[in-house]
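*Asks:* here you go, sequence then predicted model.
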Amino acid sequence: KNEVEQSPQNLTAQEGEFITINCSYSVGISALHWLQQHPGGGIVSLFMLSSGKKKHGRLIATINIQEKHSSLHITASHPRDSAVYICAVGEGSGSRLTFGEGTQLTVNP
Amino acid sequence: GAVVSQHPSRVICKSGTSVKIECRSLDFQATTMFWYRQFPKQSLMLMATSNEGSKATYEQGVEKDKFLINHASLTLSTLTVTSAHPEDSSFYICSARDPGGGGVGEAFFGQGTRLTVV
């Protein structure tokens, strides 16, 4: 069993749909990161969470420390949201991250 | 927000030659940088942790003589793939965590380098 598990692995949605990607982890962490990787390969940090909920535009991330679970939501999805979304966890500010396998999201027009 | 710049974004080299990839933190000091390798449709695989002013820490199975890492300053780490072979063709990406902003360490990634060895 991986230390960080994401679901689903692949997700196809129609434009405008509400999307949820889940992440469960089995190790102690200081923070959880949601990352977005576009087809060209570049990775963008979307959120870093240690508790509660954060919102940025159409993106919302939540984390439940007790249940070791986080979700990334995308409201009113758009084709430009198509990317791989990666959950990663880490201990301490300079420590390595442990990555989930990623969720390939495709939003069709 | 903080930026990590990686160069080059693409490189094609002949088998047997060496390739150097640079990773710079542009507006914060990174005592630690991470080098990853990514195969198609797979997640990031940590190769080594680059420590400013000291030797890098390599993950099991990564040849330190093959993948030379130098972290000579707080803003620059380099990865040199020596005597490259076609099986070294891959996507390499660096990352650094910004210790600022309360010290929680948001992660920033370079743009990645697509290496093709012919």
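*Replies:* Received it, and whenever you're ready, just let me know what you need. Since the model is a prediction, treat every value here as computed from it, not as a measurement.
*Asks:* for residue B:117, grab phi and psi.
*Replies:* phi -110, psi 120 (degrees, to the nearest 10).
*Asks:* which residues are in contact with it?
*Replies:* By C-beta atoms under 8 Å, 6 or more residues apart in numbering or on different chains, the contact set of residue B:117 is B:12-15, B:84-89. The C-beta positions use only the backbone N, C-alpha and C, and glycine is treated the same way.
*Asks:* derive a PyMOL selection command for the buried subset of those residues.
*Replies:* Applying 16 or more other C-beta atoms under 10 Å in any protein chain shown to the contacts of residue B:117, the buried members can be selected in PyMOL as follows:
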select buried, chain B and resi 13+84+88+89
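*Asks:* smallest gap between chain B and chain A, at which residue?
*Replies:* In chain B, the residue found nearest to chain A is residue B:105; the distance is 3.1 Å by C-beta to the nearest C-beta.
*Asks:* in stretch A:83-101, what's buried?
*Replies:* Buried residues in stretch A:83-101 (16+ other C-beta under 10 Å): A:83-90, A:93-101.
*Asks:* for residue B:78, give its distance to residue B:6.
*Replies:* To residue B:6, residue B:78 is 10 Å away according to C-beta to C-beta, to the nearest Å.
*Asks:* how about the helix or strand encompassing residue B:93 and chain A, any contact?
*Replies:* Per DSSP states H and E: residue B:93 is located in strand B:90-98. Yes: looking at strand B:90-98 against chain A by C-beta under 8 Å from any C-beta of the partner chain, the contacts come from B:91, B:93, B:95, B:97.
*Asks:* now do the contacts for the residue of chain B closest to chain A.
*Replies:* Contacts of residue B:105 (C-beta under 8 Å, 6+ apart): A:30-31, A:48, A:90, A:92-95, B:97-99.
*Asks:* what pLDDT does the model give it?
*Replies:* With respect to pLDDT, residue B:105 scores 71.
*Asks:* how long is stretch B:105-118 end to end?
*Replies:* 38 Å (C-alpha to C-alpha, to the nearest Å).
*Asks:* same check on stretch A:58-70?
*Replies:* End to end - C-alpha to C-alpha - stretch A:58-70 spans 17 Å.
*Asks:* from the chain's centroid, how far away is it?
*Replies:* Centre-to-centre, stretch A:58-70 and its host chain are 9 Å apart (C-alpha atoms, centre = their mean, to the nearest Å).
*Asks:* is any residue of that stretch near chain B?
*Replies:* No: Stretch A:58-70 lies out of reach of chain B by C-beta under 8 Å from any C-beta, never closer than 13.1 Å.
*Asks:* how about residue 65: what's its closest non-neighbour residue?
*Replies:* Here I'm looking at chain A. Excluding the flanking residues, the one nearest residue A:65 by C-beta to C-beta, 6 or more residues apart in numbering or on different chains is residue A:51, at 6.0 Å.
*Asks:* can you look at chain B instead?
*Replies:* Excluding the flanking residues, the one nearest residue B:65 by C-beta to C-beta, 6+ apart is residue B:82, at 7.1 Å.
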